[in-house]
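Peer 1: With the sequence up front, the predicted model follows.
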Amino acid sequence: MQNSLEESTVEYLDRSGALQKLIQDCRTRAEIESRQDKPSAVFRFVMTVDPVDLVNFDSTLGNLVLHYPLDAGRIFQDVVYLSIKALDLIPQVESRNQILVHLSIPTLPSLPSYSLSLRDLSCQAVEQRYFQFEGIVSSMTNVIQYTQSARYQCPESGCVGSEPYTYIRLHTAGASESRTIRPDFECHYCGNILEEDVSCRVLADKRVVKMMDPAAVPGLSWSPGAEGRRHQAVTVFLREELVQGIEMGAHYTVVGIPTIDRCRGNITMSIEANSIFKHVVQPSPSVALPDSVARLHQDRLGSPYSFAASLAFAFASSVSPPGTYHKLKLSMLLSLVSTHSNDKTKDGGGLHVMAVGSDTLLLSRLLTYCTAISSRCVHHTVDKHLFAKVTKDTHGTGTCSIDAGSLLLSHGGCCFLGDLGQMKKDVQSSLQGVMEKDAVTVQIPKKYGDSGVLQSLELPIRCSIWAYTDPNTCKKPAAIAAVDLYLQQELGNVSKTLADCFSLVCYMDGTSETGDMYAESLLVEDILNSAMLEEEDVENVGELLSTEDIKQFLQVACWLQPQLTPTAEYLIQGYFVSSRRLRSNNIQSCPFPPTALRTLTAVACAHAKLSLRTYVAEEDALMSIYLFEESVTSRYGYSILGIQPTPHFRHGNIVQYLGKENDTQMEHFHLQLLRLISSHAQDLTIRQPEE
C-alpha cells in the first residue's frame, strides 16, 4: 500500500509539473550549499497540490491528503527524499529526516463537508483535517519567530543516536513549540537525554491572528433571527509566507486544520492555516437592474444629469419627503457606490461625507438608513475603540496583540461615527491625522519590541466615513467671530481642519429661511400623515424606490470601472488650479484643501457609476465641481462661479433640478467654468490619449 501510494505520488508530481520544479529547486539549493562553510541540516520544499485534480487522478491518495494530512505529508516526504537520492540532486542530504515538505492546498472541493462555519465551531465535533472557512481579521500580533526545525544528538559517542541526522525535530501542522524544542527528549536506543545542536536550529516567521464570522459585523450578512447571537473570534496561526500582506478588517478565505490544545484543564480551539486568500466578491451575471430603476434610466436617457438626480430625489423617501435633503441624499448615493467598489487600494478610502444641520435627529435617521444599504457598516459607539488597541497576547508569544477598532473593521464598507461634535477634542485630533494619512498609526510599547525601542505600525483604512454635527452646539467668542468674517456656516464643536478631511461637507441649514421653512413643513406634514395612519396602513406605504431596488442597483453600478476622459480631466484640473490661485490671492481668500483634486476625481467617477456610464464624461466632472463648489460656498460665503447653495428644493420647481432647465443651467455653468480656467489656468491643455 505504501509503495503504491508513493508511485502514484511520483506520477502525479510528474504529471502536474511539480517534479520538474522540485528538480530545479534542488539544483539551486545545491549550488547555494556548495558555497557555504557548514551544510544545512534541513531542506524545506513547498509543493502546491490541487485536491480536486488529485482525487480525479488517484482517489486513495486524494482522500489521504484531504482527511489525513500528516500521513500524506510523510508520503510526500519519502517521495522527495527518494527523488533527491536517486537523481543525486543535493549531496548533503543523508536522511529523510532532513526533508521538510509543506503541501500548499489552495482550495478544497465545493462540498458542505469541507466548509466550516466559525459561528458553529465546536471542540468536540471538528476533525483534524482540512476545512475551508471565511473570516474577518479582528486582531493580529506582530511577526514573531518560531522554531521550524531543530537537530538533537545523543551524548553517548558509541550510540546510534549520536549520528548527525538521527534526531531532527520538524514542525508539523497544529504542533506547539514544545513539540519541537524541549530539554527532556530521550534517546530511543540508550535512554540518555538528547542534546540540541543550537547552531542547526532554523527559525521562521509566525503571526497569530483572530478572525470572526462575517455575520458578526452589523450590516454585512444580516438574517432574520440573528439578533442576540454571540460571536466568538477564532485564533488562526499563519506561518512563513502567509504572514505577509494581512490587512486588519479584511475578509479572507482560509484553508486550515483545526487543532485542540489542552493545557491545565483548559481546552482552546485554534486553526493552523495552510493557505489564505483575500475574499473577492465577483459580479453575479444573474444580478440585473430592477424594473423600477431600468424604467427610470430609460426615461432619463435624454439628459446626462437627470438619472442620478432622480435617484437622489426618490432615495430614502421613507425617512424624509422627496426634495428635502436632496444634496445630502445625492452625496450619500455617491459615497455608497464608491464604498461598494473593490478598487480602494488605489485611492485609499472611499468618499467621506459629513452633514451639518440643526435637525440632528433626522440626519441620524437618514445616515442610519444608508448604513442598512452598505455592503458592510460599523456603527461606532462610545463603548468601542475607534482606531486600535494594543494588549498583551494571550498565546504565550511574548508580543502584543493589536485589536481593530471601528475604522479598521469597516474595511471595504462604511464607518458611521454619529455626532462628531460629541467626540472629545483629542479623539477629533487623532481622527484628523488618520483621515489625512488614510492609515491608523499604532504605537507598540518598548516591552513588546525585539529591540527594546518604541515602534510604530501603519494600518491602512479602506472605508468611507460618515458623520454629522450640529452647528449650534458651540458659540464662538466675538473675537474669533470677527476673524471668521466670511464664514457663513458654523461647524459646532468640529474644527475646520477636521472638516477639510471630509470629501463632501453638506450644509442642511440654507441661507434662505423660506427654503428651510418649506422643508420643515414637508417633514411635519409627512410625520402627521404617518401618525394618522393605522398600523397596517403604515406597513403598506411604499417608497418611490424600495431599499431592495437600491441595493440591487448598487450591486450593478459598483462593478463599473469608468475611465477618466481627457476633457473631464481637463475640467477638474483646471478648476483645481484656478481655485487655488484665485482663492489664495483674493482679498476674500479662503482655504482650498490640497486634497480637493483627489476628491473631485473620486466624485466624478462615482457620478459616472451612478449614471451607469463606463467612462467619466464632461457632465460627471461638471457635477463633481458643482457639488464641491456648493460645499465651499456654503462654508465660506461666496462662490467664484456664482453658485447658490440649495440643500432642498420645492416640488413646483422640480424641472429646475431634474429636467431640461437643469441641463440649461449646467451648460451655463460649463461656460463659466471654461472662462475661469482660461483666465487663471492658461497653461493647462487637454491631454490627448496615446494611440
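Peer 2: Everything's here; your move. Numbers count the residues shown, from 1 in each chain.
Peer 1: longest strand of the protein?
Peer 2: Under DSSP state E, the strand in the chain containing the largest number of residues is strand 195-212.
Peer 1: May I have the strands that pair with that one, each with its orientation?
Peer 2: Strand pairing for strand 195-212, determined by DSSP bridges: strand 131-141 (antiparallel), strand 144-153 (antiparallel), strand 234-239 (antiparallel).
Peer 1: could you dump it to PDB, C-alpha only?
Peer 2: Only the C-alpha atoms of strand 195-212 are listed here, as PDB (Å, rounded to 0.1, in the frame of the first residue of the first chain):
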ATOM      1  CA  GLU A 195      21.400  17.500  23.500                       C
ATOM      2  CA  GLU A 196      20.400  20.100  20.900                       C
ATOM      3  CA  ASP A 197      22.800  21.500  18.400                       C
ATOM      4  CA  VAL A 198      21.700  25.100  18.600                       C
ATOM      5  CA  SER A 199      23.700  26.100  15.500                       C
ATOM      6  CA  CYS A 200      21.300  24.000  13.400                       C
ATOM      7  CA  ARG A 201      18.100  25.500  14.800                       C
ATOM      8  CA  VAL A 202      16.000  27.100  12.000                       C
ATOM      9  CA  LEU A 203      13.600  29.900  12.800                       C
ATOM     10  CA  ALA A 204      10.800  31.100  10.700                       C
ATOM     11  CA  ASP A 205       8.100  33.800  10.800                       C
ATOM     12  CA  LYS A 206       4.800  33.400  12.500                       C
ATOM     13  CA  ARG A 207       1.800  35.600  13.200                       C
ATOM     14  CA  VAL A 208      -1.300  35.000  15.400                       C
ATOM     15  CA  VAL A 209      -4.500  36.500  14.100                       C
ATOM     16  CA  LYS A 210      -8.000  36.300  15.400                       C
ATOM     17  CA  MET A 211     -10.800  36.000  12.900                       C
ATOM     18  CA  MET A 212     -14.600  36.500  13.400                       C
END
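Peer 1: How far does that strand sit from its chain's centre?
Peer 2: Counting by CA atoms, centre = their mean, to the nearest Å, strand 195-212 is centred 29 Å from the centre of its parent chain.
Peer 1: And it, what's buried?
Peer 2: 195-196, 200-202, 205-212 (16 or more other CB atoms under 10 Å). (Glycine included, C-beta is placed from N, CA and C.)
Peer 1: Kindly present these as CSV, with separate columns for pLDDT and distance to residue 613.
Peer 2: Converted to CSV, the buried residues of strand 195-212 look like this (pLDDT from 0 to 100; distance: CB to CB, whole Å):
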residue, pLDDT, distance to residue 613
195, 88, 72
196, 87, 67
200, 86, 63
201, 88, 60
202, 89, 56
205, 89, 46
206, 90, 48
207, 90, 43
208, 90, 46
209, 92, 40
210, 91, 42
211, 90, 38
212, 87, 38
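Peer 1: sorry, back to before: between the strands paired with strand 195-212, which one is closest to residue 106.
Peer 2: The closest of those to residue 106 is strand 131-141. By CB to CB, the value is 10.3 Å.
Peer 1: gap between the closest one and the chain center?
Peer 2: Chain-centre distance of strand 131-141: 13 Å, with CA atoms, centre = their mean.
Peer 1: and that strand, average pLDDT?
Peer 2: Averaging pLDDT along strand 131-141 yields 90.
Peer 1: Only alpha carbons, please: show that strand as CSV.
Peer 2: The C-alpha trace of strand 131-141 is given here as CSV (Å, rounded to 0.1, in the frame of the first residue of the first chain):
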residue,chain,number,x,y,z
PHE,A,131,-11.5,22.7,6.3
GLN,A,132,-12.3,25.9,4.4
PHE,A,133,-13.9,28.9,6.1
GLU,A,134,-14.3,32.7,5.8
GLY,A,135,-13.5,35.2,8.4
ILE,A,136,-12.7,38.9,9.1
VAL,A,137,-9.4,39.8,10.8
SER,A,138,-10.2,41.5,14.1
SER,A,139,-6.8,41.3,15.8
MET,A,140,-3.3,40.3,15.0
THR,A,141,0.2,40.2,16.5
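Peer 1: check contacts around the residue lying closest to residue 207 once chain neighbours are set aside.
Peer 2: Leaving aside its sequence neighbours, residue 207 sits nearest to residue 243 (CB to CB, 6 or more residues apart in numbering; 4.2 Å). Shown in contact with residue 243 (CB atoms under 8 Å, 6 or more residues apart in numbering): 143, 205, 206, 207.
Peer 1: wait, residue 350 sits on residue 464?
Peer 2: Yes: with contacts counted by CB atoms under 8 Å, residue 350 reaches residue 464, the gap being 3.3 Å.
Peer 1: How far off centre is stretch 385-405?
Peer 2: Stretch 385-405 sits 19 Å away from the centroid of its parent chain (CA atoms, centre = their mean).
Peer 1: what about that stretch, start to end distance?
Peer 2: Stretch 385-405 stretches 5 Å from its first residue to its last (CA to CA, to the nearest Å).
Peer 1: which residues touch that stretch?
Peer 2: 137-142, 144, 206, 208, 210, 235, 248-249, 380, 384, 406-408, 417, 427, 430-431, 434, 440, 442-445, 448, 457, 459.
Peer 1: Which residue ranges of the stretch 1-150 of the chain form helices?
Peer 2: Applying DSSP state H, counting those that start in this stretch to the stretch 1-150 of the chain gives helices spanning 2-16, 18-34, 51-57, 59-67, 69-87.
Peer 1: Rebuild the buried residues of strand 195-212 as CSV, extending it with distance to residue 339.
Peer 2: Conversion of the buried residues of strand 195-212 to CSV gives the following (distance: CB to CB, whole Å):
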residue, distance to residue 339
195, 59
196, 54
200, 52
201, 48
202, 45
205, 33
206, 34
207, 28
208, 30
209, 25
210, 25
211, 22
212, 21
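Peer 1: Fine, thanks again, bye for now.
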